[in-house]
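Colleague: Next one to model:
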Amino acid sequence: MASRRDLLLAAAGGWLLGGTARRALAADADQRQDSLATLPGKKPLIRRTWRPPNFETPLADLVPAFTPNEAFFVRYHLAVIPEIDVDTWRLKIGGSGAQKPLVVTLRDLKHDYKRVTLTAVNQCSGNRRGLFTPHVPGVQWGYGAIGNAEWSGVRLRDVLNRAGVAANAVEVVLNGADVPVLPATPDFLKSIPIERALDENTLIAFEMNGHALPHWNGAPARLVVPGWTGTYWVKHLTEIRVETAPFDGFWMKSDYRIPTGAFPGVRFKTQETPETTPITEILVNSLVTSHASLARVKHGAKVELAGKAWDGGARIAAVEISTDGRLSWQAATLGRDLGRFAWREFQYRLDTSKPGALVVAVRARSGDGTTQPDKLTANPAGYHHNIVQTLTLEVG
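Modeller: Numbering: from 1, shown residues only. You can find the predicted model right below:
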């Protein structure tokens, strides 16, 4: 439990972490939002906000097929983030739709349930919000509020079935150990439809890329909802409730919502209104990781453009490149398939025979037939930025 002194520190402008983390961050009073900064256990990341901590992965760290744990982006809404003792950690499962409420330990998860491993992209719902035109409020993410990792844990449905799921259950509500500084701030609770909770791919994960979850990415256990945006991937899990009525918390009713019918994707019907609906699936997207815009490449050299493409689980069918103002498109070479929820690497040999500006456009096509759009779909929160990427290289 946070001490009164810790609460006062947080209210005064700090946030609650372990003592080591808090001291390390308090020592740096620089408040510039786009500079690199280091959280304990992480390499330098792009700092978007200090309190709560929101840190973006630099482009160079998105080059590997699996995003390193120490470079994986950090996203929080609340400022009190306790470091949890795994030996005393407990996860409560209950709610109006749970027939036999139970409490599990980390040891229980590791020894009493089948272990499952899958590779999946975790993408913040607001990734690329800072690139929206016109500008929209919120954390001004660039390209790096995303990462691809191998997640290991147990199926959420196996734990829920042990607790007994009532036939009239409609949603599962999730809560984590992070809490607000002030009582008036709504706690970060999320819900998912019962069918998504019982899906075989939804996990309670306790490992990331073969190692215990890092503190900043949800230790000791977090939810993994492959194919859905990161808002549902609740970190530092403490409570799971099976409910027989739609959840009406702030982070479902008032935030993470998009205009109804504006985007493709699975509908969250119990939370939908005629005006808005919760954001759900990740949309098809791609990113060049080998070169940044305005990079110089050698005239006549063999230059490989490379990057990643991903979607909500239909698998990437193709990545195409245009260097003639989108008059024609050529297929890139796809890398190995790491799984339906993972990103897919691609490569394309550029023609550098002519000096000067080389404008490159990249688009991905999903297995369900959807392709990256040319224009942004306006929405107040700046979600689903997945338009065709264009960058200019200087050949010389």
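
Colleague: Please count neighbours and contacts with C-alpha atoms only from this point.
Modeller: OK.

Colleague: any weak-confidence spans in the protein?
Modeller: Flagging of the chain using pLDDT under 70 yields the residue ranges 1-33.

Colleague: Break it into its domains for me.
Modeller: Following automatic domain parsing, one gets these domains for the chain: 4-71, 91-278, 285-395.

Colleague: can those go into JSON lines with extra columns for distance to residue 82 and mean neighbour count?
Modeller: Below are these laid out as JSON lines (distance: least, Cα to Cα, whole Å; neighbours: other Cα atoms under 10 Å):
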{"stretch": "domain 4-71", "distance to residue 82": "5", "mean neighbour count": "17"}
{"stretch": "domain 91-278", "distance to residue 82": "7", "mean neighbour count": "19"}
{"stretch": "domain 285-395", "distance to residue 82": "28", "mean neighbour count": "19"}
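
Colleague: ok, the spatially most central residue of the chain - contacts?
Modeller: In the chain, the centroid-proximal residue (Cα atoms, centre = their mean) is residue 123; its distance is 2.7 Å. With contact set as Cα atoms under 8 Å, 6 or more residues apart in numbering, residue 123 has these partners: 145, 146, 147, 229, 230, 282.

Colleague: could you pull out the helices for this structure?
Modeller: Secondary structure of the chain (DSSP state H): helices located at 4-11, 19-26, 106-112, 156-163, 194-197, 250-253.

Colleague: Surely residue 215 and residue 81 touch.
Modeller: No: between residue 215 and residue 81 there is no contact under Cα atoms under 8 Å: 9.2 Å.

Colleague: what about the strands in the stretch 51-200 of the chain?
Modeller: Remark: strands assigned in the stretch 51-200 of the chain by DSSP state E, counting those that start in this stretch are 54-56, 91-94, 102-104, 115-123, 146-155, 171-176, 189-193.

Colleague: Tell me how far the fifth one lies from the chain's centre.
Modeller: Distance, stretch centre to chain centre, for strand 146-155: 11 Å (Cα atoms, centre = their mean, to the nearest Å).

Colleague: Parallel or antiparallel, list what pairs with it.
Modeller: Strand pairing for strand 146-155, using DSSP bridges, gives strand 115-123 (antiparallel), strand 203-208 (antiparallel).

Colleague: Can you show me the CA trace of that strand as PDB?
Modeller: What follows is strand 146-155, C-alpha atoms only, in PDB (Å, rounded to 0.1, in the frame of the first residue of the first chain):
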ATOM      1  CA  ILE A 146       3.900  -0.700 -30.800                       C
ATOM      2  CA  GLY A 147       5.900  -3.900 -30.500                       C
ATOM      3  CA  ASN A 148       5.900  -7.600 -31.400                       C
ATOM      4  CA  ALA A 149       6.600 -10.200 -28.800                       C
ATOM      5  CA  GLU A 150       6.200 -13.800 -27.800                       C
ATOM      6  CA  TRP A 151       3.800 -14.000 -24.900                       C
ATOM      7  CA  SER A 152       3.600 -17.000 -22.600                       C
ATOM      8  CA  GLY A 153       1.000 -17.800 -20.000                       C
ATOM      9  CA  VAL A 154      -2.400 -19.500 -19.600                       C
ATOM     10  CA  ARG A 155      -5.700 -19.200 -21.400                       C
END
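
Colleague: and for it, what are the contacting residues?
Modeller: Here strand 146-155 makes contact (Cα under 8 Å, 6+ apart) with 56-57, 62, 65-68, 72-73, 109-110, 113-124, 127, 200-210, 224, 342-343.

Colleague: Now render the strands of the stretch 51-200 of the chain as JSON lines, adding distance to residue 390.
Modeller: Below are those laid out as JSON lines (distance: least, Cα to Cα, whole Å):
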{"stretch": "strand 54-56", "distance to residue 390": "21"}
{"stretch": "strand 91-94", "distance to residue 390": "45"}
{"stretch": "strand 102-104", "distance to residue 390": "49"}
{"stretch": "strand 115-123", "distance to residue 390": "20"}
{"stretch": "strand 146-155", "distance to residue 390": "19"}
{"stretch": "strand 171-176", "distance to residue 390": "38"}
{"stretch": "strand 189-193", "distance to residue 390": "35"}
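
Colleague: now for those, which one comes closest to residue 40?
Modeller: Smallest distance to residue 40 across these (Cα to Cα): 12.3 Å, for strand 54-56.

Colleague: Packing partners of the closest one?
Modeller: Counting contacts by 3 or more Cα pairs under 8 Å, 6 or more residues apart in numbering; DSSP states H and E, strand 54-56 packs against strand 45-49.

Colleague: Quick check: can you name the pairing partners of the strand it packs on and their directions?
Modeller: Using DSSP bridges, the strands paired with strand 45-49 are strand 36-37 (antiparallel), strand 54-56 (antiparallel).

Colleague: Convert that strand to PDB, retaining C-alpha atoms only.
Modeller: Coordinates of each C-alpha in strand 45-49 appear next as PDB, following Å, rounded to 0.1, in the frame of the first residue of the first chain:
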ATOM      1  CA  LEU A  45      13.100   5.500 -25.200                       C
ATOM      2  CA  ILE A  46      11.200   8.500 -26.600                       C
ATOM      3  CA  ARG A  47       9.600  10.200 -23.700                       C
ATOM      4  CA  ARG A  48       6.000  11.400 -24.500                       C
ATOM      5  CA  THR A  49       4.900  12.100 -20.900                       C
END
